[in-house]
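1. Take a look and give me a structure for this.
(2 chains)
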Amino acid sequence: MKIASFNANSVRARMPVILRWLDINRPDVLCIQETKVVDAEFPSGEFESVGYNSVFRGEKSYNGVAVLSLHDIKKVSYGFDGAGLDEGSRLIAVKIGKLDIVNTYVPQGTSPDSPKFKYKLEWFGRLRDFFSGKYKKSGLLIWTGDFNVAPDPMDVHNPKALFGHVGFHPDEHRALAAVRDWGFVDIFRKHKPGPGQYSFWDYRVKDSVARGLGWRVDHIWGTKAAAEKSTDSWIDGDPRLWEKPSDHTPVVAEFEI
DNA sequence: ATGGTAGCAAGGCTA
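-> Residues are numbered from 1 along each chain as shown, chains lettered A, B, ... in the order given. Below is the predicted model:
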């Protein structure tokens, strides 16, 4: 089973990139964030025509999450409450085969002095409660998506300069670690322990990709049982270099399931 | 990288 996560920064603007990447890689599951589209306009027909089922929850202009799969997508729920009345467009949970999969677009936080930053920290707390209330630590659970946090100094290109910035702030590290300590393993890091591996390069930084000015904020984590089933994980930097790219690129993990 | 680019949607917000 090959599972991938991609912050598309608009699913409609990114259709050529997504379809090209699906054609090359044929993942069993693709989790998408920042779809930026209401459900009525989600391009499910285009995905279906290339073999992918899809479930999704979005809103106008902002946020939005989706899961595409070659297989049946079961036990679909939206947001922390399951119905999507609260945070429906940032969290979608599914079951595909033996794997429970939770796809999140964590609030970005804007800046540490913003109310949105506090909201981001609280969001991680609600997410931990969501996991502890709905899943077993011993189960086969994957948490993936844009976490909007680089967990470790090696996950940013300049940890000294960026320390304390949104995305690499000690309060975020504590909040993320509290979710991790419920029972998650960083599956990418299990397979690729070295530095310099990024999933996001800011559009606003000139030649950010060529100059290596990236961040690793997109993740595939799993319970111990899921991590033990993983056989490899990598970041595919190619789509960030294609025409009309997202500012993120896909992260992938394979499982012997 | 305190400036810059991209997306949505039609001006300003979000990232």
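
2. what ranges do the helices span in chain A?
-> Taking DSSP state H, the helices of chain A run over residues A:15-25, A:44-48, A:115-134, A:159-162, A:170-183, A:187-191, A:224-229.

3. Is the spatially most central residue of chain A bridged to anything, and to what?
-> For chain A, the residue nearest the mean C-alpha position is residue A:145 (1.0 Å; C-alpha atoms, centre = their mean). Beta-bridge pairing for residue A:145 (DSSP bridges): residue A:104, residue A:219.

4. what about residue A:22, neighbour count?
-> By other C-beta atoms under 10 Å, the residues close to residue A:22 number 19. All C-beta atoms are positioned from the backbone trio N, CA, C, and that covers glycine.

5. Then residue A:63?
-> 19.

6. List the residues that contact it.
-> Counting by C-beta atoms under 8 Å, 6 or more residues apart in numbering, residue A:63 touches A:34, A:35, A:36, A:89, A:90, A:105.

7. Return the distance of residue A:254 relative to residue A:4.
-> 10 Å (C-beta to C-beta, to the nearest Å).

8. between these two, who's got more neighbours?
-> Higher neighbour count among residue A:254 and residue A:4: residue A:4, with 24 against 19, using other C-beta under 10 Å.

9. The more buried one bridge partners, please.
-> Under the criterion used (DSSP bridges), residue A:4 bridges to residue A:30, residue A:252.

10. For the stretch 1-150 of chain A, what lies in contact range of DNA strand B?
-> Taking C-beta under 7 Å from any atom of the strand as the contact definition, the stretch 1-150 of chain A meets DNA strand B at A:9-10, A:12-14, A:36-37, A:60-63, A:107-111, A:116, A:148.

11. out of everything not next to it in sequence, what's closest to residue A:202?
-> residue A:208 (5.5 Å; C-beta to C-beta, 6 or more residues apart in numbering).

12. before we move on, back to that, is it possible to get TSV of the contacts of residue A:63 that adds neighbour count and pLDDT?
-> Formatted as TSV, the contacts of residue A:63 follow (neighbours: other C-beta atoms under 10 Å; pLDDT from 0 to 100):
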residue	neighbour count	pLDDT
A:34	27	98
A:35	28	98
A:36	20	98
A:89	25	96
A:90	27	98
A:105	24	98
